[in-house]
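Asker: here you go, sequence then predicted model.
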Amino acid sequence: MTPTILVVEDEPAIMELVAVNLKHAGFLCVSTGSAEEAETVIRSALPDLVILDWMLPGQSGLALAKKLRSEDRTRDLPIILLTARVHEEDKVRGLETGADDYVTKPFSPKELVARVRAVLRRRAPHLAGEAVKIGDLQLNPANHQVTAKGQVIELGPTEFRLLFFFMTHPERVYTRAQLLDEVWGDHVFIEERTVDVRIRRLRAALGPVGEDERVKTVRGAGYCFQAG
Ligand code: CA
């Protein structure tokens, strides 16, 4: 599961430098030159992290960070602010806005990649590639294998991603739209009914090992994965 990083930077040379280094480090990279473009990208598919330049033409990176933090859908989106400013009060302002980290220009691409990894490990441990275990159920993202009680559970790629998301976000109710956003990366063009179909398949696959009961339907709301 390759994390997607959205880079918002208006200086082409820096954008290129960041993009090349992220790709080299194994990330998928989407680049935009303005906050407005970034909003369009985020509306259609949520990235896993945003690298956001502070100074942009039009809406500033700081204003976009504030907006992302104020909306339900993007509240938890990890943000790293890029800035040429070095004053202490600006750092404070940047972090108060809700940025997870802060990198001052000029920066070393290696350091930026290390910061991206650190923020993902902290904010989205499910993207770090470690195995997840709940009860008898164990999911290993490295080899895409799910096992329970010594048995391998065969899952399609979508059901695998869905189970992965549930196991890393248990005990919370998600609407169909939220699941489309988080698991499919698209809440606009896919019908919500698709979620029900995949949930049925996931339950059917978990049934033989007695783990299907964990996937609960919450009437009028969505679905919830029970860890207990
Ligand atoms: Ca700039």
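Answerer: The structure has been received and is ready for your questions.

Asker: OK, contacts around P170?
Answerer: 134, 225-227 (Cβ atoms under 8 Å, 6 or more residues apart in numbering). Yep, even glycine has a C-beta here, placed from its N, CA and C like the rest.

Asker: can you check E36 too?
Answerer: Neighbouring residues of E36 by Cβ under 8 Å, 6+ apart: 58-59.

Asker: pretty sure P141 sits against F165.
Answerer: No - contact criterion Cβ atoms under 8 Å: P141 and F165 do not qualify, at 11.2 Å.

Asker: pop out the phi and psi values for the residue most central in space within the chain.
Answerer: Of all residues in the chain, the one closest to the mean position by Cα atoms, centre = their mean is D48, 3.0 Å from it. Torsion angles at D48 (phi, psi; degrees, to the nearest 10) stand at phi -90, psi -20.

Asker: just give the nearest non-adjacent residue to it, would you?
Answerer: Nearest non-adjacent residue to D48, counting by Cβ to Cβ, 6 or more residues apart in numbering: P3, 4.0 Å away.

Asker: how much space separates that neighbour from P208?
Answerer: Separation of P3 from P208 (Cβ to Cβ, to the nearest Å) stands at 32 Å.

Asker: so which of those two has more stuff around it?
Answerer: P3 (21 against 12; other Cβ atoms under 10 Å).

Asker: who's in contact with the more buried one?
Answerer: P3 neighbours (Cβ under 8 Å, 6+ apart): 27-28, 48-49, 120, 124, 127.

Asker: what about 6 Å?
Answerer: 27, 48, 127 (Cβ atoms under 6 Å, 6 or more residues apart in numbering).

Asker: wait, the second one touches T2, no?
Answerer: Which is D48. No - using Cβ atoms under 6 Å, D48 makes no contact with T2, being 8.9 Å away.

Asker: near the ion, which residues of the protein?
Answerer: Contact residues (Cβ under 5 Å from the ion) of the chain with the ion: 10, 53, 55.
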